[in-house]
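*Asks:* got a sequence here, can you model it:
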Amino acid sequence: MIDGTIQGTTQEADQAVGCRTRFAGLLAPGLAADRLNRLALALRLSPLLQAPAGSAPLAVLLAGDGSAVPESDALWLPPVAAWIEPPADTGASDTADRLAPFLAEAAKSDLYLNLTTATAHDLQLGGRLLAALSARHPLEGDRRDDIELALHEAVSNALVHGNLGVAGMKELSAQELERFSRDLGDRLADPVLAGRRIVVTLRIDPAEDGRRLATVEITDEGAGFTPGPRANSGASGRGLDLIGNIADGLTIEDGGRRIRMRFRL
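*Replies:* So this is what the prediction gives:
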């Protein structure tokens, strides 16, 4: 845990990393087979209709229009290591060129996710990320529950308070709950706000004490915030006290748009 301050814990986790993941195949649920073949060929990846067990790392391309959000749990487990939604207004001819930088970024991490707010909101990302992490390093009991809670909180903050700019509930009342739900629905209906991106990266490294250390970074495109002494109050605090009590390291960067959490496994 951290002792009431927001700070990093290890120099290694902050250092730039090189290529960790070399992708071999591409899955795109809902995409026509001929287009998948052309796209995979342009990206020099193998087109796949399902994830084979025990294969090299794969990337999943999400359509982002609500028609092909993958419900299968298998698409969120190894060997899949990246989930990418193409940028908006991308024609078929330049899709590969637009996706190439995403894959280059994904190669720097053990797990990578880059989605719009609208798509991410429908996916329950905290649970998906926990499943992907625990498939690589088994988590049990209270530790699993705590990490899942921290991931849920951080993802929700990035989506709701960050990208959508919805103020947190100031009190537990029916009136505040109604206001919060109304604001959330209104902002999700705004294509500009719903199109903002959330990026999640996860790296697993050896720690100095012999245990493994998971570093999770979550970045949003919201207005940001400045952490203050009342870190758990309303929208501005984003539940930092809760996350800080669970994580073994917590850093806030880019004016509050990026949170880095570290968990000893």
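
*Asks:* how far is stretch 103-115 from where the chain is centred?
*Replies:* In this view, stretch 103-115 has its centroid 10 Å away from the chain centroid, taken as C-alpha atoms, centre = their mean, to the nearest Å.

*Asks:* now do stretch 45-57
*Replies:* Centroid separation for stretch 45-57 versus its chain: 21 Å, with C-alpha atoms, centre = their mean.

*Asks:* list the contacts for the residue nearest to A154 when sequence neighbours are not counted?
*Replies:* What sits nearest to A154 in space, not counting adjacent residues and going by C-beta to C-beta, 6 or more residues apart in numbering, is I218, at 5.1 Å. Heads up, the C-betas are built off the backbone N, CA and C, glycines and all. Contacts for I218 were tallied using C-beta atoms under 8 Å, 6 or more residues apart in numbering; they are A154, V155, A158, I198, V199, V200, R258, I259, M261.

*Asks:* pick out the residue nearest the middle of the protein.
*Replies:* The residue lying closest to the centre of the chain (C-alpha atoms, centre = their mean) is V200, at 3.1 Å.

*Asks:* ramachandran angles for that residue?
*Replies:* With angles defined as degrees, to the nearest 10, V200 sits at phi -120, psi 130.

*Asks:* in strands, which of the contacts of I218 fall?
*Replies:* Members of these lying in strands (criterion: DSSP state E): I198, V199, V200, R258, I259, M261.

*Asks:* what would those look like in CSV with distance to N163 and pLDDT?
*Replies:* Below are the ones in strands among the contacts of I218 laid out as CSV (distance: C-beta to C-beta, whole Å; pLDDT from 0 to 100):
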residue, distance to N163, pLDDT
I198, 6, 97
V199, 11, 98
V200, 13, 97
R258, 13, 96
I259, 13, 95
M261, 18, 97
